[in-house]
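[1] what follows is a predicted protein model with its sequence.
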Amino acid sequence: MNIQEMKATAAAARKKVVREVDHFAKAERFIAVILTFTPLVLFLTDTCETTQGQWRSSISNYVFMPKSYWFGSLLALAGALFIFNGAQHMSAQQEEIDQVKRAKSRFGKGYNIIFGVALFGVIYFDHLNHTWLHYIFAGTFFGGCALAMLLTKNTPLNTLGNVLGTLTLVSLGVHFLLEYGVWKQHNPFTLLWAEWIGLVLIAGYFIAESLQRDKEEIKAHLY
């Protein structure tokens, strides 16, 4: 193989890697956008229908809005993307684990499938008629995402993951502390705000992690 052929091979490999990385990144950043804006979309849709202009007590409470298909479709889309993302990474790890060290990725693992299934559980089992099942699925999603950031080590994003994971748990903990210890009625920091903060933190880490993995994978393939 001469120099020109080697350059052509390297260029083809570079294009392939960039396309693959871009494919992963787009899916993950789309998840982040959905997680961030779901509460706002639900509020605006609910307000347009009821004209009350009030936030509901939790994201899950929007299942009872007149146009509840907005709630179901947004969470189902996020859940499907989590499952798809987890399946993508499992397949990639199986095929290229010796070439690309994807095991360093915190969110780039198969347990995203569990988080996706949990979101579907939140849809199918509402918090009034299936209380325990609903909170198990919701807890699996928020607690699981927080622990994924906290427990996986040896990545360049250790500190960021620890901070965002801790803040996610603190946000939910503060709500329940106020709800059952300080303001037993009319708690201004409703579960909706705690959940929304958690979603923003999870989304922020998703973006940071995908950017970091992009750099690592491109470097691993090209150098």
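    On my side now, so go ahead.

[2] what comes up buried for stretch 36-44?
    If you call a residue buried by 16 or more other C-beta atoms under 10 Å, then stretch 36-44 has these buried ones: 36-39, 42-43. In short, each C-beta sits where N, CA and C put it, glycine included.

[3] okay, and residue 71 sits in which element?
    helix 69-96 (DSSP states H and E).

[4] residues contacting residue 76?
    For residue 76, the contact set (C-beta atoms under 8 Å, 6 or more residues apart in numbering) comprises 119-120, 123.

[5] and which of the residues you listed is nearest to residue 210?
    Here the nearest of the contacts of residue 76 to residue 210, counting by C-beta to C-beta, is residue 119; it sits at 19.1 Å.

[6] if we can go back for a sec, can you tell me which of the contacts of residue 76 has the most neighbours?
    Among the contacts of residue 76, the one with the most neighbours (other C-beta atoms under 10 Å) is residue 119, at 24 neighbours.

[7] for residue 215, see how far away the residue nearest to that one when sequence neighbours are not counted is.
    When the adjacent residues along the chain are set aside, residue 119 lies closest to residue 79, with 3.4 Å between them (C-beta to C-beta, 6 or more residues apart in numbering). For residue 79, the distance to residue 215 (C-beta to C-beta, to the nearest Å) stands at 28 Å.

[8] higher neighbour count, those two?
    Between residue 79 and residue 215, counted using other C-beta under 10 Å, residue 79 has the larger neighbour count: 23 against 11.

[9] I'd say the more buried one and residue 116 touch.
    Yes. Residue 79 lies in contact with residue 116 (C-beta atoms under 8 Å); the separation is 4.3 Å.

[10] which elements pack onto the host helix or strand of residue 194?
    Per DSSP H and E, residue 194 falls inside helix 191-222. Using 3 or more C-beta pairs under 8 Å, 6 or more residues apart in numbering; DSSP states H and E, the elements in contact with helix 191-222 are helix 3-50, helix 131-151, helix 158-177.

[11] relative to helix 158-177, how tilted is it?
    For helix 191-222 against helix 158-177, the angle between stretch directions is 170 degrees (axes from the mean of the first three to the mean of the last three C-alpha atoms, to 10 degrees).

[12] now do the buried residues in the helix holding residue 71.
    Counting neighbours by 16+ other C-beta under 10 Å, helix 69-96 gives 70-72, 74-76, 78-79, 81-83, 85-86, 88-90, 92-93 as buried.

[13] helix or strand next in line after that helix, which one?
    In N-to-C order, the element after helix 69-96 by DSSP H and E is helix 112-124.

[14] flag every buried residue along that following helix.
    112-123.

[15] chain neighbours aside, what residue packs nearest to residue 29?
    Counting by C-beta to C-beta, 6+ apart, the residue nearest residue 29 is residue 207, at 5.8 Å.

[16] ok, residue 197 next?
    Per C-beta to C-beta, 6+ apart, closest to residue 197 is residue 171, 4.3 Å.
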